[in-house]
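Engineer: fold the following and give me the result.
(4 chains)
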Protein chains: 2
Amino acid sequence: MQDLLFGFISKYISLTEDEKKAIVSLDIFRSVKKGTILLKEGQRSQDVYFILKGCIRKYYIINGEEKTTAFFTEMEALTPHCVINNAPSEYFISCVEHTILTVGSPDKEVEIFTNSPKFELMCRILSEEMLARQQINFDEFKTSSPEQRYLNLLQSRPDLIQRVPQHQLASFLGIKPQSLSRLRARIIEKSKE
Amino acid sequence: MQDLLFGFISKYISLTEDEKKAIVSLDIFRSVKKGTILLKEGQRSQDVYFILKGCIRKYYIINGEEKTTAFFTEMEALTPHCVINNAPSEYFISCVEHTILTVGSPDKEVEIFTNSPKFELMCRILSEEMLARQQINFDEFKTSSPEQRYLNLLQSRPDLIQRVPQHQLASFLGIKPQSLSRLRARIIEKSKE
DNA sequence: TTCATTTCTTAACTTAAGTGAACGAGTTAA
DNA sequence: TTAACTCGTTCACTTAAGTTAAGAAATGAA
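Structural biologist: Numbering: from 1, shown residues only, chains lettered A, B, ... in the order given. Have a look, this model is predicted:
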């Protein structure tokens, strides 16, 4: 399990065996079962996550309705907003599947950063990369229709469509579950022609 | 003009006079007139921007149609995607107004980073902050209707509605200019009741 | 100024998403 | 096994956005 993490890190910086041991000794690996809520609205959690295996989901409850805005899967990181601005969380995070992840905290990060500045470099590059990818995703979302978004998702993250319930996918695509059903039927109808 | 930049930086790290001089000597300040295109689709520019005064706009041309996806104004930074993945740009960046900005490059950044590690810290915090804000914006966009998005923008960035043409605002909101006109008329109609 | 272009609005019509309701399939709990 | 619930789909109806076209107002250039 740890090898997944170190394999990922090795794409950015190289660690000595001592550094690896130091990380393992932080005891950050967690195994969480399906349905577990990692973060609730209103909480001021300090936990940041990195998914090794599985899938977690971020959602808001607006007017009693769940609005799913993101899924995080293997080798993806999530720093909840409440960690950054130290305010109560506006959203929930729960496990779509049984998930193995690391749980970090700003304290632990600072500890690592001061001991080896390589991490600062990796984290800067990582968040710049994530920011850039996020902007591209946002742009694609803005410039396409729900149907295009669905077809796009089918290309870019086909696994999601299998592992996630339709109604969660729907709000992820910015529409209602009924519209997603209809849209899918429309696509199948078109492909028959 | 430089004071704007140093005032911004001072919110994150403190610079010595020598460091300030070093930055000024990099000759990164530019004054660009309205309509100037800073980045064209297909270009592999290495320029990163920080707006001191004015407004720039990011847009795609999809099927011959301009799709504006972002505006950057005072004290906002933009690292185009092509700088990060070193691939041809998929979008354009142009000046909405006469704009004063700094133009950096990864080379210059590395030079600064190696001379003072404080900058690495600032840039990591900055991009983490931007990532978090970007995610919140994306969430708001996904979970609201075009009308809500417009009302939201009216609250959060009222200046944009004044300084940017309607048809650019429309595609920024993910709709057509005609729909924005209609939507505005609808809001005024409602407020009369 | 005058002519052309851009920008914004309005209108009529089409298309697709939202809404509320109903149904069957599958799951869970009593 | 039955009852309650969730989930996905379908349907009829409503609402809003897309499309096409036209025209008024503002802007810019010759």
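Engineer: for the helix or strand bottoming out on mean pLDDT in chain A, name the packing helices and strands.
Structural biologist: Least confident helix or strand of chain A, by mean pLDDT, DSSP states H and E, is helix A:106-115 with a mean of 80. Other elements packing on helix A:106-115 under the criterion 3 or more CB pairs under 8 Å, 6 or more residues apart in numbering or on different chains; DSSP states H and E are helix A:17-24, helix A:118-142. Any C-beta I mention is one placed from the backbone N, CA and C, and that applies to glycine too.
Engineer: next, the residue nearest to the spatial centre of chain A: secondary structure please.
Structural biologist: The residue lying closest to the centre of chain A (CA atoms, centre = their mean) is residue A:72, at 2.4 Å. Secondary structure assignment for residue A:72 (DSSP: H, G, I helix; E, B strand; the rest coil): strand.
Engineer: related to what we said a few turns ago, residues making contact with the least confident helix or strand of chain A?
Structural biologist: A:22-23, A:26, A:28, A:46, A:48, A:83, A:119-120, A:123 (CB atoms under 8 Å, 6 or more residues apart in numbering or on different chains).
Engineer: mind putting the helices and strands packed on helix A:106-115 into CSV with mean pLDDT?
Structural biologist: Putting these into CSV (pLDDT from 0 to 100) gives the following:
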stretch, mean pLDDT
helix A:17-24, 89
helix A:118-142, 90
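Engineer: closest one to DNA strand D among those?
Structural biologist: helix A:118-142 (10.4 Å; CB to the nearest atom of the strand).
Engineer: the closest one and DNA strand C in contact?
Structural biologist: No: Helix A:118-142 is not in contact with DNA strand C by CB under 7 Å from any atom of the strand; minimum separation 13.2 Å.
Engineer: going on from that helix, what's the next piece of helix or strand?
Structural biologist: Downstream of helix A:118-142, the first helix or strand assigned by DSSP states H and E is helix A:146-156.
Engineer: quick one: mean pLDDT over that following helix.
Structural biologist: Taken as a whole, helix A:146-156 carries a mean pLDDT of 96.
Engineer: please identify the most buried of the helices and strands packed on helix A:106-115.
Structural biologist: helix A:118-142 (a mean of 19; mean count of other CB atoms under 10 Å in any protein chain shown).
Engineer: hmm, who's touching it?
Structural biologist: Outside helix A:118-142, the residues that reach it (CB under 8 Å, 6+ apart) are A:9, A:12-13, A:15, A:77, A:109, A:112-113, A:149, A:152, A:174, B:58, B:60, B:67, B:69-70, B:79, B:81, B:84-85, B:91, B:117, B:120-121, B:123-124, B:127-128, B:130-131, B:134-135, B:137-138, B:141-142, B:171-172, B:174.
Engineer: distance check, the closest residue to residue A:151 other than its chain neighbours against DNA strand C.
Structural biologist: Take residue A:151 and drop its neighbours on the chain: the residue closest to it by CB to CB, 6 or more residues apart in numbering or on different chains is residue A:187, 7.3 Å away. Relative to DNA strand C, residue A:187 is positioned 10 Å away (CB to the nearest atom of the strand, to the nearest Å).
Engineer: please apply the same query to residue A:123.
Structural biologist: As for residue A:123, its distance to DNA strand C is 37 Å (criterion: CB to the nearest atom of the strand).
Engineer: can you name the residues of chain A that neighbour DNA strand C?
Structural biologist: A:145-147, A:174-176, A:178-179, A:182-183, A:186.
Engineer: which one of those residues is nearest to chain B?
Structural biologist: Proximity of these to chain B (CB to the nearest CB) peaks at residue A:174, which lies at 4.9 Å.
Engineer: tell me the SS of the closest one?
Structural biologist: Using three-state DSSP, the three-state assignment for residue A:174 comes out as coil.
Engineer: ok so, going back, angle of the least confident helix or strand of chain A against helix A:17-24?
Structural biologist: Here helix A:106-115 runs at 170 degrees with respect to helix A:17-24, directions being taken by axes from the mean of the first three to the mean of the last three CA atoms, to 10 degrees.
Engineer: just want the angle from helix A:106-115 to helix B:118-142.
Structural biologist: Relative orientation of helix A:106-115 versus helix B:118-142 (the same axes, to 10 degrees): 150 degrees.
Engineer: chain center to helix A:106-115, what's the gap?
Structural biologist: Offset of helix A:106-115 from its chain centre (CA atoms, centre = their mean, to the nearest Å): 22 Å.
Engineer: and that helix, what's buried?
Structural biologist: A:108, A:112-113 (16 or more other CB atoms under 10 Å in any protein chain shown).
Engineer: which one of those residues is nearest chain B?
Structural biologist: residue A:113 (8.4 Å).
Engineer: from residue A:86, how far out is residue A:158?
Structural biologist: As defined by CB to CB, to the nearest Å, residue A:158 lies at a distance of 38 Å from residue A:86.
Engineer: and if you look at residue A:63?
Structural biologist: 27 Å.
Engineer: the two - which one has more neighbours?
Structural biologist: Neighbours were counted for residue A:63 and for residue A:86 using other CB atoms under 10 Å in any protein chain shown; residue A:86 has more, 10 against 5.
Engineer: what's that one in contact with, if anything?
Structural biologist: Residue A:86 is in contact with residue A:44, counting by CB under 8 Å, 6+ apart.
Engineer: gap between it and DNA strand D?
Structural biologist: 33 Å.
Engineer: helix/strand/coil for residue A:102?
Structural biologist: strand.
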